[in-house]
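Novice: how would this look folded up:
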Amino acid sequence: MLNLATPLAQLKNVPPRFLKKLENLGLKTIRDLLWHFPTRYEDFSQTYLIGDLQPNQQATIRGLVRDIDVKRTWKRKMFIAEAEIEDASGTIRAVWFNQPYVKNVLKPGTLANFAGKVSVTDGELYLSNPAYEIVSKFKETRHTGRLVPVYPETRGLTSRGLRFLVKEMLIAAPSAPEILPDEVLAEFNFPEVNEALRAIHFPEKLEDAEAAKKRFAFEDLFVLQLFNLEQKAKLAECAAPPLACTPEELGVTLKLMPFPLTGAQERCLAEILEDLAKPNPMNRLLQGDVGSGKTVVAAIAALVAAHNGYQTAFMAPTEVLARQHYETLKKLFSPLEQRVNLGYLAAGGAKLFLKDDLEAELKKPGFKKAVQAGRTNIVIGTHALIQKNVAFKNLGLVIVDEQHRFGVRARAALLRSRREDNVIPHFLSMSATPIPRTLTLALFGDLELSIVDEMPKGRRLIITKVVAPENRAKAYAFIRGEIKKGRQIFVICPRINPAEESQSGKPVMDMRELLWRDVKTVKEEYERLSKKIFPDMRVAMLHGKMPSKEKVRVMSAFQGREYDILVSTSVIEVGVDIQNATVMVIEGADRFGLAQLYQLRGRVGRGTHQSYCLLFSDSGTKTSAERLAAIVAAKNGFELAEKDLALRGPGEFMGTSQTGMPDIAMRALKNINLLKDARRAAERIIGNNPGTLKKYPALLSRVNSLRKEIHLE
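Specialist: Next comes the predicted model:
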């Protein structure tokens with residue numbers, strides 16, 4: 001018996017040749033297909049007489065096929081199918097390119113609908129590549145004579161094929177269970193789920209489709225808020241070790257810091273220390289611009305844990321960033337009188353930093369034994385920290401940097417040291433990606449928020465310029481001048497855009513292939529700069545496919561001024577602190593999000609020298625110009641993030657693969673009122689008791705599914 005979880009491969013009415021293509025779109029079950037929503041609709045709802053057609057009009061006609069023929073153009077090696085269509089008002093030609101099979105479907109005498117653009121050549125009107133559909137009084141139209149859904153596609157599976165499959169499934173599949181409580185449906189006047197599915201795929205009116213989209217967007221946001229509230233309530237039931245710090249102890253520590261904290265750092269530190277002192281686990285997000293000093297705040301929190309006899313795990317998404325944090329904390333802790341053993345663990349090796357600036361390289365087994373025995377207070381690392389054979393003696397605090405790059409499983413693995421008495425570590429999440437408050441509320445609703453919204457005193461503003469193609473030579477002359485002053489240069493290569501490699505909607509290439517394309521771009525730019533533009537300069541290359549040890553070697557050499565120019569992918573987006581680097585060159589700047597451009601720009605301006613960011617773009621579109629103008633004017637990352645959200649939408653801003661949220665919900669995040677409604681409705685349902693969800697089995701099942709698939713932290 002069919003249900004929503006039935007694999008498409010088991011259905012007789014799904015052609016086997018479509019299965020791989022459906023899988024490319026992430027569609028494996030009946031539910032996946034029914035929840036593969038249109039991105040837009042073609043309005044072919046009005047049927048016109050042939051004699052009333054106008055040039056460039058989008059229209060549907062109904063007529064008889066008088067004649068049809070297929071020719072092949074030998075020069076272009078293309079098939080051209082051409083039909084003559086007739087109705088009571090006249091005749092018109094319809095032309096299809098590379099679709100010879102049309103002749104087998106539209107035989108002379110066939111009554112059919114034709115929908116598409118009315119083109120004109122030499123004064124003659126014709127239909128170019130129209131959608132066609134044989135008319136039958138027994139079947140409702142799918143491709144013509146109505147609002148026609150247009151779906152995210154993949155090579156070999158167009159919206160026409162998807163419409164066929166979805167329509168069949170709406171007829172054959174069992175009714176979907178309603179997960180929204182009756183009181184929520186009534187309060188917001190939402191359509192019932194099966195009614196909404198029909199309306200979103202094959203709407204009678206555009207208003208019906210919009211109402212269905214709103215309902216499904218609300219549903220996803222509602223489930224996400226329930227998940228957040230459930231996590232928050234469960235966390236409140238757990239205990240954590242109180243990590244106390246007296247004002248006197250804090251004062252001594254702050255005096256030993258190499259620079260005074262800003263007011264924002266002090267405020268955020270006070271919020272964190274207040275949480276750490278409680279017997280319940282802290283669950284806090286520390287946000288701030290690049291260079292605002294989040295690491296110092298986190299380091300002091302780790303120090304407080306160490307003074308209380310507890311360990312801290314400090315996890316970063318890349319080895320480059322983990323190593324950067326290790327070097328930063330070494331400098332911060334060197335002046336301290338109290339012994340702090342600092343550890344580093346990544347794929348490239350393990351280190352232990354002891355008092356009196358002693359550092360030891362350790363074999364990983366020996367290092368892991370030291371961690372398990374409690375001989376390291378603070379352990380900094382990558383995913384290596386969550387390996388099963390890494391165990392902490394008394395983990396009191398978990399710090400995760402660039403937390404949106406980790407999945408829930410990563411955090412769960414770090415917190416697996418939960419003891420039988422339900423005691424778990426405190427959790428501090430950090431992000432240098434400025435995230436608008438709307439997204440923060442939606443994606444990280446279970447976290448308390450601290451924002452470092454003030455830059456250290458004396459930090460110079462980075463001068464940012466958009467460089468037109470005709471000014472490229474001048475930019476290279478400027479770069480040469482900076483190098484002669486002893487400065488260093490970053491050159492970031494453009495990101496390959498998956499959308500450019502697809503027909504429409506979803507990417508054709510997988511991420512592995514895209515990564516290799518990025519690598520190829522870097523290699524080509526490295527060759528061009530090192531051999532043609534700056535043959536007399538020392539140029540290095542860095543990309544994500546290099547072995548870890550080689551990446552560390554290149555970065556260390558660049559930091560040691562052995563190279564003048566570093567050509568890289570956006571792998572250097574986070575975690576690089578080269579104070580002598582003064583110029584950030586970003587090729588294809590229009591291909592990056594504003595938040596990422598802001599991150600990249602923040603890699604320079606770390607020292608006392610005036611720094612610059614040069615944005616190279618060949619795109620002449622108005623949208624690109626607006627976006628690049630915004631980064632030029634931006635002095636605050638959060639204002640810029642709001643602009644990016646408005647221009648590109650949340651899916652592009654965060655990357656839907658990082659959030660696990662469907663596109664429809666991501667787009668809905670622009671609607672702050674819908675998000676607030678979802679939050680309030682979730683609060684009314686769950687209250688302070690996650691067990692309330694048991695009253696709603698279908699809703700609970702959906703929350704459990706989200707828990708498995710989501711990647712928020």
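Novice: which one is Ala557 nearest to, not counting chain neighbours?
Specialist: Nearest residue to Ala557, sequence neighbours excluded (Cβ to Cβ, 6 or more residues apart in numbering): Tyr563, at 6.0 Å. No exception for glycine: its C-beta is placed from N, CA and C like everyone else's.
Novice: ok, now Lys393?
Specialist: Lys393 sits nearest to Gly374 (Cβ to Cβ, 6+ apart), 3.5 Å away.
Novice: Provide a list of residues in contact with the one you found.
Specialist: Going by Cβ atoms under 8 Å, 6 or more residues apart in numbering, Gly374 touches Gln311, Phe392, Lys393, Asn394.
Novice: List buried residues within these.
Specialist: Listed as buried from the contacts of Gly374 are Gln311, Phe392; burial here means 16 or more other Cβ atoms under 10 Å.
Novice: Make CSV out of the contacts of Gly374 and add pLDDT and distance to Tyr326.
Specialist: Output for those, formatted as CSV (pLDDT from 0 to 100; distance: Cβ to Cβ, whole Å):
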residue, pLDDT, distance to Tyr326
Gln311, 94, 15
Phe392, 89, 17
Lys393, 90, 20
Asn394, 90, 21
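Novice: now Ala581: how far from Leu566?
Specialist: The spacing between Ala581 and Leu566, counted by Cβ to Cβ, to the nearest Å, is 8 Å.
Novice: Need the residues touching each of these two.
Specialist: Common neighbours of Ala581 and Leu566 (Cβ under 8 Å, 6+ apart) are Gln488, Ile489, Phe490.
Novice: Do I have it right that Thr91 meets Ile50?
Specialist: Yes: contact criterion Cβ atoms under 8 Å: Thr91 and Ile50 qualify, at 6.5 Å.
Novice: Mind checking which of the two has more residues around it?
Specialist: Ile50 (21 against 14; other Cβ atoms under 10 Å).
Novice: Please name the residues that touch the more buried one.
Specialist: Shown in contact with Ile50 (Cβ under 8 Å, 6+ apart): Ile61, Gly63, Ile85, Glu86, Asp87, Ser89, Gly90, Thr91, Ile92.
Novice: next helix or strand past the helix or strand where the third one lies?
Specialist: It stands for Ile85. Following DSSP states H and E, one finds Ile85 within strand 78-87. Heading C-terminal from strand 78-87, the first helix or strand you meet, by DSSP H and E, is strand 90-97.
Novice: Show residues contacting the next helix or strand after that following strand.
Specialist: As assigned by DSSP H and E, the chain's next helix or strand after strand 90-97 is helix 102-105. Residues outside helix 102-105 that contact it (Cβ under 8 Å, 6+ apart): Ile68, Asp69, Val70, Ala81, Ala83, Trp96, Tyr132, Ile134.
Novice: Which SSE is immediately downstream of helix 102-105?
Specialist: Next element after helix 102-105 (DSSP H and E): strand 111-121.
Novice: That next one - contacts with which helices or strands?
Specialist: Helices and strands touching strand 111-121, by 3 or more Cβ pairs under 8 Å, 6 or more residues apart in numbering; DSSP states H and E, are strand 58-73, strand 124-134.
Novice: Between those strands, which one is closest to Glu266.
Specialist: Closest approach to Glu266 among the helices and strands packed on strand 111-121 (Cβ to Cβ): strand 58-73, 60.6 Å.
Novice: Within its sheet, name the partner strands of the closest one and how each one runs.
Specialist: Neighbouring strands of strand 58-73 in its sheet, by DSSP bridges, are strand 47-48 (parallel), strand 78-87 (antiparallel), strand 111-121 (antiparallel).
Novice: chain center to it, what's the gap?
Specialist: Centroid separation for strand 58-73 versus its chain: 44 Å, with Cα atoms, centre = their mean, to the nearest Å.
Novice: Compute the inter-axis angle for that strand and strand 124-134.
Specialist: 100 degrees (axes from the mean of the first three to the mean of the last three Cα atoms, to 10 degrees).
Novice: where are the low-confidence patches of the stretch 101-250 of the chain?
Specialist: Within the stretch 101-250 of the chain, no range satisfies pLDDT under 70.
Novice: So for stretch 629-647, mean pLDDT?
Specialist: Mean per-residue pLDDT for stretch 629-647: 73.
Novice: Repeat that for stretch 259-273.
Specialist: 93.
Novice: Please identify the buried residues of it?
Specialist: Buried residues in stretch 259-273, counting neighbours by 16+ other Cβ under 10 Å, are found at Leu261, Thr262, Ala264, Gln265, Arg267, Cys268, Leu269, Glu271, Ile272, Leu273.
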